[in-house]
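Test case, fold it:
(chains A and B)
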Number of protein chains: 2
Amino acid sequence: MDRKTFHEEIARLGNEFSPELVEKTNAMLAPLVPQPDEARTTRDIAYGPHERHRLNLFRPASDAPAPCLFFIHDGGFVMGDKGPAGTPFYNNVGAWAQREGLVCVAINYRLAPEVQWPAGREDTIAAICHVAGHAAEYGIDPQRIVIMGHSAGANHAADVVAAPGAAAGKFAGAIMSSGFYDLGIVVRDPFKPQYYGAGLEDWTPMSSLPGLVASELPCLFLVCEYDMAECQEQVLGLATARYDAKGRLPAVHVQAGHNHISACRQVGSPLDSLGPVLADFIASR
Amino acid sequence: MDRKTFHEEIARLGNEFSPELVEKTNAMLAPLVPQPDEARTTRDIAYGPHERHRLNLFRPASDAPAPCLFFIHDGGFVMGDKGPAGTPFYNNVGAWAQREGLVCVAINYRLAPEVQWPAGREDTIAAICHVAGHAAEYGIDPQRIVIMGHSAGANHAADVVAAPGAAAGKFAGAIMSSGFYDLGIVVRDPFKPQYYGAGLEDWTPMSSLPGLVASELPCLFLVCEYDMAECQEQVLGLATARYDAKGRLPAVHVQAGHNHISACRQVGSPLDSLGPVLADFIASR
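Sure, this is the predicted structure:
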């Protein structure tokens, strides 16, 4: 499939998040993405006591200390997975990192409704501390760990940027893809209330927005042309708030020709338009 | 020079446009950028009667019809050049295109104060019509011409998107890098008044902004982390106006680690963070 055909199909699927959009996007991409070198992959390393406190470690061919992309999956706070062996997503991110000479760590975290905010932040901090503490063993340059989350995973990353706690100083940058930073304006879909609380009228105190605006950490915010309207509204609000506060825009990419799930799920494929951007951001930390 | 060192130096140079910023950025990049295959390059093709009505044509190895990146240089409306043979900028863009299997056309256009607005738009339209009319001869797929302008060149591209005139239907997309779309809020530096009129109090009627908001043409807007404040203000205003009018954001990239001139001038270098984005946008038209 060439890029033109792919992007035409993405355009046709539109920007409403639907089972059809998910199924058809996945079906296009699953055959295109690379699989990791399992000989350089270690799965389900425990970073905490819960069964979801597990991370996959993808190492490049060289044992020399490498920058690390620390990836936090999506799934509306209630589902999703770093991906068992043999599945396309997000083994594609691990495989891409290996090829780029980077380490990738992909984490699972506890899900709602079993846990609520800020459990995702707590788990992410625990995993960052685990990785930083095992940097030598895992072949990671501890000065060059970049965290990245997509959708619900972006919220966990954003919560950590806004309030890094024990992870402070243990990561050099953050990439947030299609996240929700101002909880005062989010759509109350069937998922978010399970994490932020259906009974709470105002979620604003849990917003990462003020912390993101105040942070001096190098950050890259991603959203897509065919992303949900609320994801675009979020990034516009964030950029405006940051510009108003600092007189400068944050790094934001509104990626042409992608929907809410396609950009992260095509990383490593022959169509890949996001990988080079990630590689550059990580290399410049 | 690795990316980390390069981006650190860019950060150190800051975001104020100055002779030092220009000289040091150029000095870093000149040794890194590729030179075109002159055997596949034709220079100074006339597209009109003026001595500035000249374009360079860079063709890839294959004669098969290829997409075309049509590049409009910067220079504050009063200077700049597509680049004589042997110079780094913007032969780098032509060399990059050749390597990517794309045709590149790089134009000169008449300069202020000899001419004023909308001469840049008129020249760009004339050059697009020339290229579309010679597509078969130049090895160009006429359905896949993408125009791109940087700084003052972005204004000429934007003016053509807003009011394409005789070029309507002759280009499939537009990339605008660090341009000025709302002339009501621009800084009156020593350059812009020579093109828009020092004696005119209100330049708003010459703004491309309303046309850019209304256009359905696929567009990509670029600006940089260390760009001038007014360039960032412009793209934020454009994105906000477009979102308010259509409920959707345009494709915008705020490129991390670059200043007003570095992003376009590193295309084709080993550091290149913009080339893959351009390639993807062009391939998906």
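
Next, the contact list for residue A:156, please.
Shown in contact with residue A:156 (C-beta atoms under 8 Å, 6 or more residues apart in numbering or on different chains): A:72, A:109, A:120-121, A:123-124, A:149. (C-beta placed from N, C-alpha, C; glycine too.)

Surely residue A:104 is in a strand?
Yes - under DSSP: H, G, I helix; E, B strand; the rest coil, residue A:104 sits within a strand.

Tell me how many other residues crowd it.
A count of nearby residues for residue A:104, using other C-beta atoms under 10 Å in any protein chain shown, gives 28.

List the contacts of it.
Contacts of residue A:104 by C-beta under 8 Å, 6+ apart are A:56-58, A:68-71, A:93-94, A:96-98.

can you put those residues in TSV and add distance to residue B:134 and neighbour count?
TSV is the format used below for the contacts of residue A:104 (distance: C-beta to C-beta, whole Å; neighbours: other C-beta atoms under 10 Å in any protein chain shown):
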residue	distance to residue B:134	neighbour count
A:56	54	24
A:57	55	22
A:58	49	26
A:68	50	30
A:69	46	27
A:70	51	26
A:71	48	30
A:93	44	31
A:94	47	31
A:96	40	26
A:97	45	29
A:98	46	22
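
Could you list which of these belong to strands?
A:56-58, A:68-71 (DSSP state E).

ok, so of those residues, who is nearest residue B:220?
Using C-beta to C-beta, residue A:69 comes nearest to residue B:220 of the ones in strands among the contacts of residue A:104, at 25.0 Å.

ok, now which ones touch that closest one?
A:93, A:97, A:102-105, A:146, A:148, A:278, A:282.

ok, and the most crowded of these?
residue A:93 (31 neighbours).

Could you list the residues in contact with the strand ranked longest in chain A?
In chain A, assigned by DSSP E, the strand with the most residues is strand A:140-150. Identification of contacts with strand A:140-150 by C-beta under 8 Å, 6+ apart yields A:65-74, A:103, A:124, A:128, A:131-132, A:134-135, A:155-158, A:160, A:170-179, A:264, A:278, A:281-282, A:285.

Next: stretch A:114-123.
By C-beta under 8 Å, 6+ apart, stretch A:114-123 touches A:48, A:50, A:52-53, A:77, A:107, A:109-110, A:112, A:152, A:155-156, A:159-160, A:163, A:165, A:194-197, A:206.

about what we covered before: narrow the contacts of strand A:140-150 to those in helices?
Among the contacts of strand A:140-150, the members falling in helices (DSSP state H) are A:124, A:128, A:131-132, A:135, A:155-158, A:160, A:264, A:278, A:281-282.

List just the nearest of those residues to chain B.
For these, the residue nearest chain B by C-beta to the nearest C-beta is residue A:281; the value is 5.7 Å.

Find the nearest non-adjacent residue to the closest one, please.
residue A:220 (5.1 Å; C-beta to C-beta, 6 or more residues apart in numbering or on different chains).

What about that neighbour, how many residues nearby?
24.

so residue A:128 makes contact with residue A:169?
No - using C-beta atoms under 8 Å, residue A:128 is not in contact with residue A:169; the gap is 10.3 Å.

Please say which of those two ends up with more neighbours.
residue A:128 (25 against 10).

got a list of what that one touches?
A:70, A:145, A:147, A:160, A:167, A:170-171.

Now for residue A:9: which residues touch it?
Contacts of residue A:9 (C-beta under 8 Å, 6+ apart): A:24, A:28.

C-terminal to the helix or strand where it lies, what's the next element?
For residue A:9, the host element (DSSP states H and E) is helix A:3-13. Sequence order places helix A:19-29 as the next helix or strand after helix A:3-13, per DSSP H and E.

Now do that next one: which elements does it pack against?
helix A:3-13, helix A:262-265 (3 or more C-beta pairs under 8 Å, 6 or more residues apart in numbering or on different chains; DSSP states H and E).

C-terminal to that helix, what's the next element?
Next element after helix A:19-29 (DSSP H and E): strand A:41-46.

Now do the SS call for residue A:89.
coil.

what's the burial count for it?
Residue A:89, neighbours per other C-beta under 10 Å, totals 21.

which non-adjacent residue is nearest it?
Using C-beta to C-beta, 6+ apart, the nearest residue to residue A:89 is residue A:265, at 5.1 Å.

residues near that neighbour, how many?
Count around residue A:265 with other C-beta under 10 Å applied: 26.

What of residue A:46?
11.

what's the answer for the one 3 residues further on, then?
Around residue A:49 sit 7 other residues, with neighbours defined as other C-beta under 10 Å.
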